[in-house]
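**Q** Coordinates only, no sequence provided:
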């Protein structure tokens, strides 16, 4: 694998990671009101 290909792969990997974090945060924040009701 050459440098360009490796660089593109890293960018894609980082993008997937950020997307995952964003989705997880949306998931958690949508449950936050429920926590306040329960506690």
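**A** On my side now, so go ahead. Predicted model, so just to flag it, every value in this text is computed and none were measured. Numbering: from 1, shown residues only.

**Q** Residue 31: neighbour count?
**A** 9 (other C-beta atoms under 10 Å). Using the backbone N, CA and C atoms, a C-beta is placed for each residue, glycine as well.

**Q** swap in residue 4?
**A** When neighbours are defined as other C-beta under 10 Å, residue 4 has 8 of them.

**Q** cool, the one 5 residues further on as well?
**A** Neighbours of residue 9 under the rule other C-beta under 10 Å: 11.

**Q** Residue 20 too?
**A** A count of neighbours around residue 20, defined by other C-beta under 10 Å, yields 10.

**Q** For it, give its distance to residue 8.
**A** The span separating residue 20 from residue 8 equals 19 Å under the rule C-beta to C-beta, to the nearest Å.

**Q** how much space between residue 14 and residue 7?
**A** If you measure residue 14 against residue 7 using C-beta to C-beta, the figure is 11 Å.

**Q** same check, this time on residue 25
**A** Relative to residue 7, residue 25 is positioned 27 Å away (criterion: C-beta to C-beta).

**Q** ok, now residue 33?
**A** Taken as C-beta to C-beta, the spacing of residue 33 relative to residue 7 amounts to 42 Å.

**Q** Check residue 20 too.
**A** For residue 20, the distance to residue 7 under the criterion C-beta to C-beta works out to 21 Å.

**Q** Which parts of this protein are helices?
**A** 3-38 (DSSP state H).

**Q** what residue ranges in it score low on pLDDT?
**A** Low-confidence segments of the chain, defined by pLDDT under 70, span residues 1, 35-39.

**Q** try it again with 90
**A** 1-5, 7-9, 11-12, 14, 27-39 (pLDDT under 90).
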